[in-house]
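Enquirer: Provide a 3D model corresponding to the input given below.
(one chain, ligands or ions: 1)
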Amino acid sequence: MADAALLAPRPPTRPRFTPPPGAVDAHCHVFGPGAVFPYAPERKYTPMDAPKESLFALRDVLGFSRNVIVQATCHGADNRALVDALIHSGGRARGIASVRGDVSMDDLRALDEAGVRGVRFNFLSRLVDAAPPEAHLPTERKAAELGWHVVVYFEAPELERLTPFLSALPTIVVIDHMGRPDVALGRDHPQWRAFLALMEDNPHIWSKVSCPERLSLSGPPGYDDVVPFAADVVARFPDRVLWGTDWPHPNMTTHMPDDGALVDVIPRIAPSAELQQKLLVDNPMRLYWPEEARR
Ligand code: 0GY
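Expert: From the prediction side, this is the model:
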């Protein structure tokens, strides 16, 4: 049974914004179905099933072409639901897995074969029993050997502690949701400046300009208070940004976002056709489908 407080995804309205051809939703999940792919015993929440068929239907309604599916914590290090979605995507999905530190190179190569291109390190104690950063180094070494990158999820108060670790990683590092700034503090606050400085100082660090619904105090449909933060990152680092829906929006209890409205935020954070092309096509293609990316 899904947790009672969690909201169900809702059917999206069709966005007014038309993404460029080949657009990639670079942050989304699949959940279960639990009867086939059981949720992990150590999970901190039990979601409603959100199977691959629903994700692929959403992709089409929103006018996107491809997905990057991120292993969610409710499935722990059991990546079977993710792999199942990847192999049924017709090559239109890549994955980010979660693995244990002692995972074998053979297991990682099997994930790579299925379309996995990276691993996620999660530092949110409400989602995982968060390990110290150094505990991820063995996995980082194996990821580097495969040419993978890492996705990291943390909240802004953790940034200072994590900066030396992230700066020293040898692979590309993709930060989820701009490191979850407290937008109430404003863009002149040291917290946001520290995030921009991290990106400025480290050409190997990328950011997802995603999840206004988790950061906003002003709320839907425009998420106006988050827009300047995301626009800032896109303008400064146009070749190191990704965008995603975060469907099916795990752990949202305040409201369930309309994915069509989230897509309509894109032209406000990436105002030109050139920025939209980089954010939605060129950058994710370079990272996830380099063999097809335009040079
Ligand atoms: C997100 C956000 C959340 C959950 C997870 O793996 C997860 O369970 O990522 C969250 O609750 O903030 O990026 O999907």
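Enquirer: so does stretch 98-118 get close to the ligand?
Expert: No. Shown here: stretch 98-118 not in contact with the ligand (C-beta under 6 Å from any ligand atom), separated by at least 7.9 Å. In this view, the C-beta of every residue, glycine as well, is placed from N, C-alpha and C.
Enquirer: name the residues of that stretch that are buried.
Expert: Under the neighbour-count criterion of 16 or more other C-beta atoms under 10 Å, stretch 98-118 has 98, 99, 103, 108, 111, 112, 114, 115, 116, 117, 118 buried.
Enquirer: what's in contact with that stretch?
Expert: For stretch 98-118, the surrounding residues in contact (C-beta atoms under 8 Å, 6 or more residues apart in numbering) are 71, 73, 75-77, 79, 82-83, 86-87, 89, 91, 93-97, 119-120, 122, 135-136, 138-139, 142-143, 145-146, 148-151, 174, 287-288.
Enquirer: and this protein, which residues reach the ligand?
Expert: So far as C-beta under 6 Å from any ligand atom goes, the chain lies against the ligand at 29, 72, 73, 74, 127, 153, 176, 214, 246, 250, 251.
Enquirer: in ChimeraX, select just the buried ones from the contacts of stretch 98-118.
Expert: Those of these that count as buried under 16+ other C-beta under 10 Å are selected in ChimeraX with:
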select :71,73,75,76,79,82,83,86,89,93,94,95,96,97,119,120,122,136,139,142,143,146,148,149,150,151,174,287,288
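Enquirer: which stretches in the chain count as strands?
Expert: Ranges of strands in the chain, per DSSP state E, are 24-28, 66-70, 93-97, 116-122, 149-153, 173-175, 205-208, 241-242.
Enquirer: with mean pLDDT and distance to residue 3 added, can I get those in CSV?
Expert: Shown next, in CSV, are these (pLDDT from 0 to 100; distance: least, C-beta to C-beta, whole Å):
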stretch, mean pLDDT, distance to residue 3
strand 24-28, 98, 20
strand 66-70, 98, 20
strand 93-97, 98, 24
strand 116-122, 98, 18
strand 149-153, 98, 20
strand 173-175, 98, 27
strand 205-208, 98, 25
strand 241-242, 98, 28
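Enquirer: tell me how far residue 167 lies from the ligand.
Expert: Here residue 167 is placed at a distance of 22 Å from the ligand (C-beta to the nearest ligand atom, to the nearest Å).
Enquirer: stretch 246-253: which residues count as buried?
Expert: Across stretch 246-253, burial judged by 16+ other C-beta under 10 Å covers 246, 247, 248, 249, 250, 251, 252.
Enquirer: so who does the closest residue to residue 267 other than its chain neighbours touch?
Expert: What sits nearest to residue 267 in space, not counting adjacent residues and going by C-beta to C-beta, 6 or more residues apart in numbering, is residue 17, at 5.2 Å. Residue 17 makes contact with 263, 264, 266, 267 under the criterion C-beta under 8 Å, 6+ apart.
Enquirer: low-confidence ranges, the stretch 1-150 of the chain, go.
Expert: Along the stretch 1-150 of the chain, no part satisfies pLDDT under 70.
Enquirer: show me where it has helices.
Expert: Here the stretch 1-150 of the chain has its helices, by DSSP state H, counting those that start in this stretch, at 52-62, 80-87, 105-114, 137-145.
Enquirer: give me the residues contacting the last one.
Expert: Going back to what we said before, that points to helix 137-145. 99, 101-103, 105, 108, 118-119, 121, 149-150, 169-171.
Enquirer: what do you get if the cut-off is 10 Å, keeping everything else the same?
Expert: Where contact means C-beta atoms under 10 Å, 6 or more residues apart in numbering, the residues beyond helix 137-145 that reach it are 97-105, 107-109, 116-121, 133-134, 136, 148-150, 165, 168-173.
Enquirer: in contact with residue 181, which residues?
Expert: By C-beta under 10 Å, 6+ apart, residue 181 lies in contact with 155-156, 159, 187, 189, 191-192, 194-195, 215, 226, 229-230.
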